[in-house]
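A.B. asks: predicted model and sequence below, questions to follow.
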Amino acid sequence: MDDGTSQYYFTAAMDSGKTLCSLLKAIQFQECAVFSAMPEGLKLTVEEGKCVQASAYIPAENFTEYNVRDDVDVMFKISIAVLTECLNIFGSGEESSLKMYFRCEGSPLLLVLQPQSVNNVMTDCEIATQTADSVLELRDENAEDVAKLVLKAPAFLGLLADLERTCDTIELNLSPVHPHVSIVTYGMQDRSCIEVPKSSDMVQSFACDQPLSLKYQSSHIRLIMKALAISSKAVLRCSSNGLLLLQLKLEKEDQRQMFSEFYIVPLIDD
């Protein structure tokens with residue numbers, strides 16, 4: 001970064017924007033995301049109604065340089081489709097260094113990308129920003145975690161891929177006793193069930209205080225599949241109010257704690 005970074009609310013640099021691009025594509029189920037630059041790192045959040053909220057987290061230590069002014073809130077709305085397209089401007093196979101600059105509220109986000117395989121070539125992109133709406137707070141501080149599972153992400157992805165695609169509802173059953181985890185799908189004419197005991201190779205750890213049976217909209221659960229495809233580990237937490245939290249750690253050994261996070265609200269029986 002140059003010596004003029006003080007004129008910007010936010011500046012950052014990283015050796016490669018490719019991993020960031022992959023992470024953003026994993027939550028790209030809405031046109032716009034809320035971009036938040038905090039001292040501890042970068043967070044981009046998308047929402048579907050009041051039912052699903054997904055975030056991509058890039059902690060500050062993943063950047064070679066990272067600066068946020070502490071006297072302002074750096075939060076704005078941005079097209080996630082345009083951002084990922086700019087990050088991929090030199091092609092999906094090209095590693096490019098990335099610098100980001102944001103001057104002040106209402107100004108565009110400036111990206112400077114330079115391909116690693118070509119000298120003396122770089123491109124500037126300006127992406128329009130908008131004032132951000134407030135992000136929903138789906139968590140209830142009074143609701144306790146009653147179950148936690150740590151799963152191998154590739155195996156969990158395979159399980160979800162095997163579920164009946166025509167089903168509208170997915171029922172998640174958790175219990176302290178065998179079979180511990182069962183996933184039931186309900187389609188137009190049939191019902192199917194997959195059981196996953198805690199001894200399964202897919203399960204790295206399992207904790208459940210009481211039997212639970214919760215239903216979720218199938219399309220909401222399937223939103224996590226792109227993120228699972230680039231993850232190594234999935235952590236599922238279920239609160240006493242039925243809210244499901246999935247934290248997916250990115251499959252990248254040289255990136256520390258870069259992950260995506262999904263909150264999914266349960267269906268309420270009539």
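C.D. replies: Received, thanks.
A.B. asks: show me where the stretch 151-270 of the chain has strands.
C.D. replies: 169-174, 181-186, 191-196, 203-208, 212-217, 231-239, 244-250, 259-264 (DSSP state E, counting those that start in this stretch).
A.B. asks: who does the fifth one touch, helix- and strand-wise?
C.D. replies: Spelled out, it's strand 212-217. strand 169-174 (3 or more CB pairs under 8 Å, 6 or more residues apart in numbering; DSSP states H and E). The way it works is simple: take the backbone N, C-alpha and C, and place the C-beta from them, glycine included.
A.B. asks: so what strands line up beside the strand it packs on?
C.D. replies: strand 181-186 (antiparallel), strand 212-217 (antiparallel) (DSSP bridges).
A.B. asks: any chance of the strands of the stretch 151-270 of the chain in a markdown table, with mean neighbour count, distance to residue 119 and mean pLDDT too?
C.D. replies: What follows is the strands of the stretch 151-270 of the chain, written out as a markdown table (neighbours: other CB atoms under 10 Å; distance: least, CB to CB, whole Å; pLDDT from 0 to 100):
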| stretch | mean neighbour count | distance to residue 119 | mean pLDDT |
| --- | --- | --- | --- |
| strand 169-174 | 19 | 51 | 94 |
| strand 181-186 | 19 | 52 | 92 |
| strand 191-196 | 14 | 52 | 90 |
| strand 203-208 | 16 | 45 | 96 |
| strand 212-217 | 17 | 50 | 94 |
| strand 231-239 | 20 | 34 | 94 |
| strand 244-250 | 22 | 30 | 93 |
| strand 259-264 | 22 | 34 | 95 |
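A.B. asks: out of the ones you listed, nearest to residue 47?
C.D. replies: Closest approach to residue 47 among the strands of the stretch 151-270 of the chain (CB to CB): strand 259-264, 9.2 Å.
A.B. asks: now do that closest one: distance to the chain's middle.
C.D. replies: How far strand 259-264 lies from its chain's middle: 5 Å, per CA atoms, centre = their mean, to the nearest Å.
A.B. asks: just stretch 104-122 next, same as before
C.D. replies: Using CA atoms, centre = their mean, the mean C-alpha position of stretch 104-122 is found 24 Å from that of the whole chain.
A.B. asks: please apply the same query to stretch 157-176.
C.D. replies: Put simply, stretch 157-176 sits 20 Å off its chain's centre (CA atoms, centre = their mean).
A.B. asks: then stretch 223-241?
C.D. replies: Distance, centroid of stretch 223-241 to centroid of chain: 9 Å (CA atoms, centre = their mean).
A.B. asks: and what of stretch 103-120?
C.D. replies: That offset, for stretch 103-120, works out to 23 Å (CA atoms, centre = their mean).
A.B. asks: can you give the contact residues for it?
C.D. replies: With CB atoms under 8 Å, 6 or more residues apart in numbering as the test, stretch 103-120 has contacts from 7-9, 16-17, 35, 76, 78, 83, 86-87, 89-90, 94-102, 121-129, 131.
A.B. asks: same question, stretch 80-97
C.D. replies: Contacts to stretch 80-97, defined as CB under 8 Å, 6+ apart, come from residues 13-18, 20-21, 24-25, 27-28, 30-33, 44, 46, 98, 109, 111, 113-117, 123, 125, 127.
A.B. asks: mind giving me the domain split of this structure?
C.D. replies: Domain ranges of the chain: 3-130, 145-264, per automatic domain parsing.
A.B. asks: and the longest one, average pLDDT?
C.D. replies: Domain 3-130 shows a mean pLDDT of 91.
A.B. asks: show me which of the contacts of stretch 103-120 are buried.
C.D. replies: Neighbour-count burial (16 or more other CB atoms under 10 Å) applied to the contacts of stretch 103-120 gives 8-9, 16-17, 35, 76, 78, 83, 86-87, 90, 96-102, 125, 127, 129.
A.B. asks: got the phi/psi numbers for residue 21?
C.D. replies: phi -60, psi -40 (degrees, to the nearest 10).
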